[in-house]
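> Let's see this in three dimensions:
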Amino acid sequence: MLRCCSLQGRVLLLVLALPVIAGLAGCGSGTVATPIPISPPPPVTYTLTGTVSAGLQPVSGATIQLYTAGNSGNGSAATAMLTTPVTTNSTGNFSLTINYSCNNSTDQMYVVATGGNPGLTTTTTNNDALVLTTVLGSCGTLTSISSVTINEVTTVAAAYALTPFISLTATAPYFSIGASASNTLGFSTAFTNAKLLASITTGKVGTFASGLSIESGKLNALADALAPCDNSAGSSSTACAALFVAATPQGGAPPASNTLAALLTVIKHPGDVHIAGNGYIWGLIGTTPPFATTLTHSPSDWTMTLTITNGGINNPTALALDKSGNVWVANYGGSLSAFSPQGTAYSSSPFGSGTLNECFGLAIDTSDNIWVSNFELPTHSLPHGALVKFTSTGSIVTNTSNNSPYFHDSSIDFPTGIAVDTNGNVAIANSANSSATIYSSGGSVVSSGLAAGNSAFPAGVAFDSAHGIWLANLGDGYVTHVGSSNTLLAHPSCCGGTAGVALDSFGNAWVSDYYGSQVVGVTSTGANITSTTGGGISGSQPVGIAVDAAQNIWVADGNTHFTALAATTGTAISPLSGYGIDANLTSARTIAPDASGNIWVSDFSANKVVLFFGLATPTKTPVQPVPTAP
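You can find the predicted model right below:
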């Protein structure tokens with residue numbers, strides 16, 4: 001808001017007025033526009049009440065502190081909001097009041113309970129291993145939350161959703177939650193996901209609309225495994241000692257001596273046989289656990305998922321995430337589905353029905369437009385296929401050159417995989433004529449016939465940082481790297497037949513070998529880095545492949561699971577059975593990380609998309625030629 005003022009004595013204010021110089025016409029002669037100072041928001045008085053329980057037993061004497069999450073990096077130091085923490089009473093209840101100014105509505109808040117007596121007869125007991133938390137969310141919405149429950153279920157939910165943003169500390173509260181200031185969207189999504197997994201009011205597993213489900217039995221089972229330690233006299237107790245041993249990864253160090261550290265270790269090593277096997281984490285659960293679980297035996301791993309079956313999913317193939325974290329899914333059956341970061345469908349009916357057909361590829365450009373490849377069209381009027389472009393709201397963009405929804409030219413020949421460059425260009429793998437085409441963001445041809453003679457039925461394509469492309473050739477044992485001017489840079493023989501390719505920040509290409517049941521890494525010049533059959537790849541038919549911001553490699557195996565491989569070395573992180581068995585994957589096809597550190601997988605045969613919480617490093621979306629942090 002501006003006001004007019006006398007020029008005399010106000011010359012210095014001209015500098016402030018420069019950005020709004022166009023508004024000077026409204027002032028009289030000899031006046032300039034100056035900003036009216038904007039006062040910070042007034043302090044808000046906020047009161048929060050709650051209950052702390054350990055295995056459903058009230059915890060008295062627990063220390064309660066409210067925190068604002070850090071904003072200087074993942075796991076950065078949080079800020080305590082109470083000068084003097086409060087403690088719970090004999091029934092585990094507490095009440096706290098603060099005066100605060102919320103300068104940024106995206107600042108995230110959480111409350112922590114440490115120590116206390118979990119109902120033991122010795123009144124002097126203080127369980128030094130008890131660390132429980134409940135997330136509150138944006139400070140701008142605090143006043144809508146008046147009461148919370150802090151227990152094992154809310155703690156497990158927070159840990160699953162926020163693991164990429166949590167670091168452990170040596171002193172109370174023994175952990176901190178924080179993110180980069182540039183990733184407020186991914187961070188706030190993770191907080192929302194925590195409240196999706198568990199109700200912060202009731203302390204029970206969340207409820208879900210039709211078409212959405214989580215592994216509630218597994219979440220309760222992990223909460224049940226923590227409860228004996230929380231209900232004990234502390235870190236020196238038999239129950240806590242058993243937890244710390246069970247949570248120790250094979251070949252790794254035991255967790256710090258508190259329940260939150262043990263929980264994080266389990267979630268960060270969800271497929272380690274030492275923590276997934278009978279007699280370990282599962283063996284900690286008592287015969288009458290406090291939180292009812294539907295599991296009857298140890299799970300295959302301790303990953304947590306959200307399964308989506310609504311929104312018109314119909315044999316999903318490719319998927320990608322836009323700038324807002326929304327998920328777009330190409331359906332082979334001829335449509336486009338879209339979901340919020342929490343899996344809520346944009347529409348019960350998908351987009352593009354009647355226009356799309358046999359969709360294999362999907363990519364999102366720098367303007368958040370969604371490009372979908374059609375192997376063949378519904379009418380077969382263009383027998384060699386075409387691309388269709390959608391806006392970020394799901395509307396089809398008309399190709400003005402032919403007044404139709406289809407972008408195509410004579411070089412397009414049964415398109416499969418597509419990719420988007422930093423300049424908005426779109427690369428198309430033409431399976432039938434064994435070449436690639438590049439379109440501009442507007443849909444005009446930039447170049448065509450790329451890699452012709454050096455590729456064979458390409459299925460996957462990826463840009464490099466210099467605007468060249470890599471092609472994964474399903475028709476032979478080679479991968480192809482050509483520069484932006486179609487100069488052949490590499491053409492190594494590596495595989496049985498590749499279906500997907502993704503690049504890391506070092507310029508290396510990682511390819512999924514569909515026929516060779518392996519993942520292969522090669523340098524930009526084609527030198528072999530490694531090949532692996534570990535982590536669930538052996539015997540599978542790997543298809544989709546992606547790299548996160550930590551340069552770890554994620555591979556959809558085409559069957560019942562997916563695989564995680566370590567950056568640069570390709571060493572398996574996932575177990576021999578891979579991840580996803582408990583999610584009942586049947587044909588994992590495409591895989592992608594998001595800005596919250598979640599992994600998204602499309603399941604072709606089961607007509608579903610599955611979100612795996614907090615497995616990856618937060619990664620900027622839409623996907624970049626070089627994966628980076630948000």
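
> and the residue lying closest to G352 once chain neighbours are set aside, which of the three is it?
Closest residue in space to G352, ignoring its immediate chain neighbours: L336 at 4.6 Å, by Cβ to Cβ, 6 or more residues apart in numbering. Glycine gets a C-beta too; all of them are placed from N, C-alpha and C. Following DSSP: H, G, I helix; E, B strand; the rest coil, L336 is assigned to strand.

> again with I200
coil.

> Would you mind measuring from it to Y110?
Using Cβ to Cβ, to the nearest Å, we find I200 at a distance of 10 Å from Y110.

> S410 now?
58 Å.

> ditto for N374
N374 is 46 Å from Y110, by Cβ to Cβ.

> Next: S199.
15 Å.

> ok, now N193?
13 Å.

> returning to that earlier point: comparing N374 and Y110, which residue is more hemmed in?
N374 (29 against 24; other Cβ atoms under 10 Å).

> so which strand or helix has A239?
Applying DSSP states H and E as the criterion places A239 in helix 238-246.

> residues of that helix that come out buried?
Using 16 or more other Cβ atoms under 10 Å as the test for burial, helix 238-246 gives A239, C240, A241, A242, L243, F244, A246.

> can I get the residues you listed in a markdown table with distance to W302 and pLDDT?
Output for the buried residues of helix 238-246, formatted as a markdown table (distance: Cβ to Cβ, whole Å; pLDDT from 0 to 100):
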| residue | distance to W302 | pLDDT |
| --- | --- | --- |
| A239 | 19 | 95 |
| C240 | 19 | 96 |
| A241 | 20 | 94 |
| A242 | 17 | 94 |
| L243 | 14 | 95 |
| F244 | 16 | 94 |
| A246 | 11 | 92 |
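
> In TSV, list the residues you listed along with distance to W282.
Putting those into TSV (distance: Cβ to Cβ, whole Å) gives the following:
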residue	distance to W282
A239	15
C240	17
A241	17
A242	12
L243	12
F244	16
A246	9
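
> for the record, mean pLDDT for the strand ranked longest in the chain?
Scanning the chain for the longest strand, with DSSP state E as the assignment, gives strand 44-54. Across strand 44-54, the average pLDDT comes to 94.

> and if you look at stretch 484-498?
In the prediction, stretch 484-498 has an average pLDDT of 95.

> Now do that stretch: everything it contacts.
Applying Cβ atoms under 8 Å, 6 or more residues apart in numbering, the contact partners of stretch 484-498 are 447, 449-451, 454, 459-460, 466-468, 472-483, 511-518, 520, 522-528, 531.

> Which of the residues you listed fall within strands?
Going by DSSP E, the strands hold 447, 449-450, 459-460, 472-473, 479-482, 511-513, 518, 520, 522, 528, 531 from the contacts of stretch 484-498.

> Y515 versus the closest residue to S199 other than its chain neighbours, what's the distance?
Distances taken as Cβ to Cβ, 6+ apart place G206 nearest to S199, at 5.7 Å, with adjacent residues excluded. Using Cβ to Cβ, we find G206 at a distance of 42 Å from Y515.

> Repeat that for N425.
For N425 relative to Y515 (Cβ to Cβ), the value is 30 Å.

> So which of the two has more stuff around it?
N425 (20 against 15).

> Tell me the spacing between that one and S441.
7 Å.

> cool, and N331?
Taking Cβ to Cβ, one finds N331 at 24 Å from S441.

> Comparing the two, which residue is more hemmed in?
N331 (29 against 18).

> Who is the more buried one paired with across the strands?
P316, S335 (DSSP bridges).

> Give me the neighbour count for the residue nearest to E376 when sequence neighbours are not counted.
Nearest residue to E376, sequence neighbours excluded (Cβ to Cβ, 6+ apart): E358, at 5.1 Å. If you count neighbours by other Cβ under 10 Å, E358 ends up with 20.

> residues touching E358, list them.
By Cβ under 8 Å, 6+ apart, the neighbours of E358 are Y332, G334, N374, F375, E376, G385.

> So which of these wins on neighbours?
N374 (29 neighbours).

> mind checking pLDDT for it?
For N374, the pLDDT comes out at 94.

> All the helices of the stretch 251-400 of the chain, residue numbers only.
259-268, 273-276 (DSSP state H, counting those that start in this stretch).

> With just CA atoms, put the longest one into PDB.
Included here for helix 259-268 are C-alpha records, laid out as PDB according to Å, rounded to 0.1, in the frame of the first residue of the first chain:
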ATOM      1  CA  THR A 259      13.300 -45.100  21.800                       C
ATOM      2  CA  LEU A 260      13.300 -42.500  19.100                       C
ATOM      3  CA  ALA A 261      16.900 -43.300  18.100                       C
ATOM      4  CA  ALA A 262      16.000 -47.000  18.000                       C
ATOM      5  CA  LEU A 263      12.900 -46.300  15.900                       C
ATOM      6  CA  LEU A 264      14.800 -44.200  13.400                       C
ATOM      7  CA  THR A 265      17.400 -46.900  13.000                       C
ATOM      8  CA  VAL A 266      14.700 -49.400  12.100                       C
ATOM      9  CA  ILE A 267      13.100 -47.000   9.600                       C
ATOM     10  CA  LYS A 268      16.400 -46.200   8.000                       C
END
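
> Now do that helix: everything it contacts.
By Cβ under 8 Å, 6+ apart, the list of residues contacting helix 259-268 reads 129-133, 152, 155-156, 159-160, 163, 166, 168, 174-175, 222, 226, 229-230, 240, 243-244, 246-249, 252, 255, 275, 281, 302, 304, 614.

> Going by neighbour count, which of these are buried?
Restricting the contacts of helix 259-268 to buried positions leaves 129-133, 152, 155-156, 159-160, 163, 166, 174-175, 222, 226, 229-230, 240, 243-244, 246-249, 255, 275, 281, 302, 304, 614, with burial counted as 16+ other Cβ under 10 Å.

> quick one on the thing from earlier: so which elements touch the helix holding A239?
Contacts defined by 3 or more Cβ pairs under 8 Å, 6 or more residues apart in numbering; DSSP states H and E place helix 238-246 against helix 216-230, helix 259-268.

> Could you point out which of those sits nearest G311?
Among these, helix 216-230 comes nearest to G311, with 21.4 Å by Cβ to Cβ.

> tell me the angle that closest one makes with helix 238-246.
Computed by axes from the mean of the first three to the mean of the last three Cα atoms, to 10 degrees, the angle separating helix 216-230 from helix 238-246 equals 130 degrees.

> buried stuff in helix 216-230?
Neighbour counts over helix 216-230 (16+ other Cβ under 10 Å) mark 216-230 as buried.
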